[in-house]
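**Student:** just need the structure, nothing else, for what follows:
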Amino acid sequence: MTTFQTITADKKQYLPLLLLADPCEAMIDRYLEAGDMHVLSIDGAPVCVAVVTPYSDTACELKNLATDPQFQKQGHATHLMAALFKYYAARFRMMYVGTSDSGVAFYTRLGFTPSHTVTGFFTDNYPEPIYENGVLLTDMLYLKKELA
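**Tutor:** Coordinates of the predicted model:
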């Protein structure tokens, strides 16, 4: 059975999942307590996690979305995002997400469109270089989606 749950306490128990999407615990600490954490579980086991923070009075930001590797490519993140769109539509008009090149296709499939770029975000904010598919990450690409 698949369940959707909002986590309000002991969020760090999900750190192994969170680190899949954001490899720096110090960066996670910057948004974890300020954000809402949501977990999609199958038969009681967490398989996908998301953290959403307020961005402005009318917008929120998806700060972290990660799926356990053994459950990837099975639609769980898409299912969780659909639940989040409904959950946040009552409070916000827009959702933002910052990602690297590798995440753009996924978010575009969910209806996100380009918003802006934060030049040098990964190199300026992380203590260690981050590589995806052998390429050094430098810029954060922001996308947005209308919720209402």
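**Student:** quick check: the gap between L110 and M94.
**Tutor:** With distances taken as CB to CB, to the nearest Å, L110 is found 14 Å from M94. For every residue, glycine as well, the C-beta is placed using N, CA and C.
**Student:** identify the contacts common to those two.
**Tutor:** Any residue near both L110 and M94 by CB atoms under 8 Å, 6 or more residues apart in numbering counts here, and that gives K145.
**Student:** CA atoms of the helix ranked longest in the chain as PDB?
**Tutor:** With DSSP state H applied, the helix covering the greatest number of residues in the chain is identified as helix 76-89. What follows is helix 76-89, C-alpha atoms only, in PDB (Å, rounded to 0.1, in the frame of the first residue of the first chain):
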ATOM      1  CA  HIS A  76       7.100   7.300  -7.400                       C
ATOM      2  CA  ALA A  77       8.600  10.800  -7.600                       C
ATOM      3  CA  THR A  78       5.900  11.700 -10.200                       C
ATOM      4  CA  HIS A  79       3.200  10.400  -7.800                       C
ATOM      5  CA  LEU A  80       4.700  12.300  -4.900                       C
ATOM      6  CA  MET A  81       4.900  15.500  -7.000                       C
ATOM      7  CA  ALA A  82       1.200  15.200  -8.100                       C
ATOM      8  CA  ALA A  83       0.300  15.000  -4.400                       C
ATOM      9  CA  LEU A  84       2.400  18.000  -3.600                       C
ATOM     10  CA  PHE A  85       0.800  20.100  -6.400                       C
ATOM     11  CA  LYS A  86      -2.600  19.400  -4.900                       C
ATOM     12  CA  TYR A  87      -1.400  20.000  -1.300                       C
ATOM     13  CA  TYR A  88       0.300  23.400  -2.100                       C
ATOM     14  CA  ALA A  89      -2.300  24.700  -4.600                       C
END
